[in-house]
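Undergrad: Structure, please.
(one chain, ligands or ions: 1)
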Amino acid sequence: MAKLHVKKGDQVLVLSGKDKGKKGRILRALPAEGKVIVEGINIVKKHTRATQRVQAGIHEQEAPIYSAKVMVICPSCKKPTRIKKSPVKKGEKTVWVRACKKCGELLDK
Ligand SMILES: [Zn+2]
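TA: Next comes the predicted model:
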């Protein structure tokens, strides 16, 4: 399973496709497919049939996009950035967490 550089809750910038330049929050990461679902990005219309609970009609829903098409926006410097790994001491262990390549702020706390 490929590891994604982004995860649920990240604010990201879309780099290509019809939503290029838009920003959104990751709703779901799909590491098995290398894709993510981003709030308000890559909206597709789905025709649904009426069920007992739902009315028939057109529902709009986010479709997954490739994670390579998005860049994390650093919550600290507010810029789209690449990710580096920073070592953090946790007791006796050192864990590697994601950090902003521009300002060095840790993205995972
Ligand atoms: Zn930063």
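
Undergrad: from here on, contacts and neighbour counts on C-alpha atoms
TA: Will do.

Undergrad: What's the local residue count around residue 36?
TA: Neighbour count for residue 36, taken as other C-alpha atoms under 10 Å: 25.

Undergrad: Name the secondary structure element that contains the residue nearest in space to the middle of the chain.
TA: The C-alpha lying nearest the average C-alpha coordinate of the chain belongs to residue 26 (C-alpha atoms, centre = their mean; 3.5 Å). Residue 26 is part of strand 23-30, with elements assigned from DSSP states H and E.

Undergrad: Contacts for that strand, please.
TA: Outside strand 23-30, the residues that touch it by C-alpha atoms under 8 Å, 6 or more residues apart in numbering are 4, 6-14, 35-41.

Undergrad: Quickly note the distance from the closest residue to residue 43 other than its chain neighbours to the ion.
TA: In this structure, residue 43 finds its nearest non-sequential neighbour in residue 62, 4.5 Å apart by C-alpha to C-alpha, 6 or more residues apart in numbering. In this view, residue 62 and the ion are 27 Å apart by C-alpha to the ion, to the nearest Å.

Undergrad: Quick one: residues contacting residue 62.
TA: Taking C-alpha under 8 Å, 6+ apart, we find residue 62 in contact with 37-44.

Undergrad: In ChimeraX, select just the buried ones from those.
TA: Buried subset of those, written as a ChimeraX selection, criterion 16 or more other C-alpha atoms under 10 Å:
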select :37,38,39,40,41,42,43
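
Undergrad: ok so, going back, who's the residue nearest to the centre of the chain bridged to?
TA: Legend: beta-bridge partners of residue 26 under DSSP bridges are residue 38.
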